[in-house]
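[1] Provided below are the primary sequence and the corresponding predicted coordinates.
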Amino acid sequence: MIRRILAAIVIVWAAGFAWFAVALPGPLADGEEAPTTDAIVVPTGGPGRIERGLEVLAAGHAEQMLVSGVDPEVKPGEFAAQFAVPMQTMQCCVTLGYAAVDTRGNAAEIADWLEERSYTSVRLVTTDWHMWRAAGELRHVLPDEVTIIEDASASDPSLKTLLLEYHKLLASRIAWLWQR
């Protein structure tokens, strides 16, 4: 009996991981039909995220962008230089958030920033393997009336990255259930 239960758990885990690894979300199309939102939010931590957020901002799909989880030692001028952002764009349209240190912290920082501005729609830009957990954490803290558009930055994750993120996703879902 115990073997069957363990085997069932392993099968469910393996099927879930296979689905997770194969069905990674992708970037939204950038044409005229691309959705416009009040803001773009980008949690730091993965390659291509900030660049994708800046592309969407430059394309006019939002007027403001928050980069959440920036190292406190990074100054706006350094950020602008690293990502070739004109200072005018930095001053008008890009906010660097320094409060978050993890995905749950990103969600809290983003929620506070959106609430301060009374925004009701946001484009979440993060790496494909991180999207489900980041979007889930954000949905968990935002009111239902805030629309989240997911825009994943494509990557080529290693098996180790996928396994680690899959387990983090499972842990976050279990934590949400536990909090109910």
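    Arrived safely, thanks for sending.

[2] Is residue 70 part of a helix or strand, or is it coil?
    coil (DSSP: H, G, I helix; E, B strand; the rest coil).

[3] ok, how many other residues are close to it?
    Per other CB atoms under 10 Å, the neighbour tally for residue 70 reads 22. (C-beta placed from N, C-alpha, C; glycine too.)

[4] Excluding sequence neighbours, find me the nearest residue to it.
    residue 96 (4.5 Å; CB to CB, 6 or more residues apart in numbering).

[5] And the one you found, its phi and psi?
    phi -100, psi 120 (degrees, to the nearest 10).

[6] give me the low-pLDDT residue ranges for this structure?
    30-33, 180 (pLDDT under 70).

[7] any chance you could map the helices in this protein?
    Secondary structure of the chain by DSSP state H: the helices cover 2-22, 49-58, 76-82, 87-93, 103-117, 131-141, 159-179.

[8] Relative to residue 68, which of those helices is closest?
    Closest approach to residue 68 among the helices of the chain (CB to CB): helix 103-117, 4.4 Å.

[9] how near is residue 150 to residue 54?
    18 Å (CB to CB, to the nearest Å).

[10] quick one, which of these two is more surrounded?
    residue 54 (21 against 18).

[11] Wait, the more buried one touches residue 82, no?
    No. The pair residue 54 and residue 82 fails to qualify as a contact (CB atoms under 8 Å) at a distance of 11.0 Å.

[12] hmm, back to that, what's the closest of the helices of the chain to residue 125?
    Comparing the helices of the chain by CB to CB, helix 49-58 comes nearest, at 4.4 Å.

[13] For that closest one, report the contacting residues that lie outside it.
    27, 30, 34, 40-44, 62, 65, 67, 83, 85, 89, 93-94, 123, 125-127, 151, 153 (CB atoms under 8 Å, 6 or more residues apart in numbering).
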